[in-house]
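Enquirer: Here is my input; please provide its structure:
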Amino acid sequence: MSSQPPTGPPSGPVPRPSGPAAGPPPPGPGPSGGRSRRTLALLVGGAAAVLALVVVLVLSLGGDGDDGGGGSGSPTPVDTKAAEADAHAVATRVALAPPDWGAGFTQHDPYEVDPAPESLVREDCEFASRPSRAGTLASLQRNVYQTSSGIAGTSEVKVFVDEATAKQYLADARDNIHRCPEQHRAKERWNGVREATPPQVTGFDELVSEEGHQVVTANGGKVDDLYVIATGRDGKSVLSAYVVGSSKLDPQIHKYAADSLQKMQQRLVQQPEAAATGG
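Expert: Next up is the predicted model:
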């Protein structure tokens with residue numbers, strides 16, 4: 001799926017990052033064992049030697065140190081901390097608070113998850129999570145709950161260093177939807193996991209929607225809950241609304257997902273300078 005499920009009852013599954021942009025893999029030995037590690041060490045050593053030579057050549061050919069703008073100076077390094085701070089400001093403002101969802105919604109514990117992890121589905125269809133991939137500047141979730149209906153919701157904002165990383169994240173999310181129609185985590189079980197028609201929202205470069213059913217809760221109880229994850233990419237930012245509740249509330253669940261995603265997009269474009277941080 002495209003985001004972590006709302007905390008507490010009820011909950012559901014999420015996206016499997018894949019490919020070279022997906023950050024560190026889950027713990028465990030690599031497919032080729034110790035020999036690949038030794039080969040990697042040799043490659044790293046050789047690369048370091050080449051890099052050292054390049055540095056020497058650059059320094060020796062860098063001119064006499066004049067500030068005349070002749071291209072001889074070193075490029076200004078990116079201020080990573082400043083970029084992360086700006087991206088976090090975007091996420092903090094765009095992620096929804098309980099009143100944004102509607103009447104009766106309250107904070108759900110934990111209310112904020114910062115940084116929010118990425119999700120993955122293992123080869124055996126176990127749903128799990130992992131740290132954010134390289135190039136993630138901010139990743140924030142806020143969880144809410146409506147006591148009267150039992151509907152839980154999560155708004156998630158991810159800001160990446162560039163559009164390519166954001167595109168890859170969304171591609172991984174879509175890939176994960178098609179990976180396992182049945183998923184599990186400890187006692188929890190989900191089935192009917194599928195890609196659905198995206199909601200009618202505007203302002204996004206890409207949209208992905210996912211639906212499924214939770215049939216067993218974390219304590220082993222049987223339920224029939226519907227979850228919907230509506231996700232959109234706007235430039236370098238990926239926004240998600242995750243809503244889950246009784247299958248009898250299907251229309252409300254879809255409406256909350258669409259309305260929440262649209263509201264986040266509207267907030268995002270109100271601060272384009274901060275949203276564009278990192279590129």
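
Enquirer: For stretch 142-152, buried residues please.
Expert: Within stretch 142-152, the residues scored as buried using 16 or more other CB atoms under 10 Å are 142, 143, 144, 145, 146, 149, 151, 152. Every C-beta, even on glycine, is put in place using the N, C-alpha and C of the backbone.

Enquirer: With only the CA atoms kept, save that stretch in PDB.
Expert: Listed next in PDB are the C-alpha coordinates belonging to stretch 142-152 (Å, rounded to 0.1, in the frame of the first residue of the first chain):
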ATOM      1  CA  ARG A 142      -1.300  12.200  11.700                       C
ATOM      2  CA  ASN A 143      -3.900   9.800  13.000                       C
ATOM      3  CA  VAL A 144      -7.600  10.500  13.800                       C
ATOM      4  CA  TYR A 145     -10.600   8.600  15.000                       C
ATOM      5  CA  GLN A 146     -14.400   9.100  15.000                       C
ATOM      6  CA  THR A 147     -16.000   7.400  17.900                       C
ATOM      7  CA  SER A 148     -19.600   7.500  16.600                       C
ATOM      8  CA  SER A 149     -18.800   5.700  13.400                       C
ATOM      9  CA  GLY A 150     -15.600   3.800  14.300                       C
ATOM     10  CA  ILE A 151     -13.900   5.300  11.200                       C
ATOM     11  CA  ALA A 152     -10.100   5.800  11.600                       C
END
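
Enquirer: what's that stretch in contact with?
Expert: The contact list for stretch 142-152 (CB atoms under 8 Å, 6 or more residues apart in numbering) reads 6-11, 95-98, 101-102, 104-113, 153-156, 243-246, 249, 252-253, 256.

Enquirer: What subset of these is buried?
Expert: By neighbour count, with 16+ other CB under 10 Å, the contacts of stretch 142-152 hold 6-7, 9-11, 95-96, 98, 101-102, 105, 108, 113, 153-156, 243-246, 249, 252-253, 256 as buried.

Enquirer: Show the contacting residues for residue 137.
Expert: Shown here is residue 137, whose contacts under the criterion CB under 8 Å, 6+ apart are 83, 84, 86, 87, 88, 159, 160, 161, 277, 278.

Enquirer: Report how many residues lie close to the nearest residue to it once chain neighbours are set aside.
Expert: Take residue 137 and drop its neighbours on the chain: the residue closest to it by CB to CB, 6 or more residues apart in numbering is residue 87, 3.5 Å away. Close neighbours of residue 87, defined as other CB atoms under 10 Å, add up to 27.
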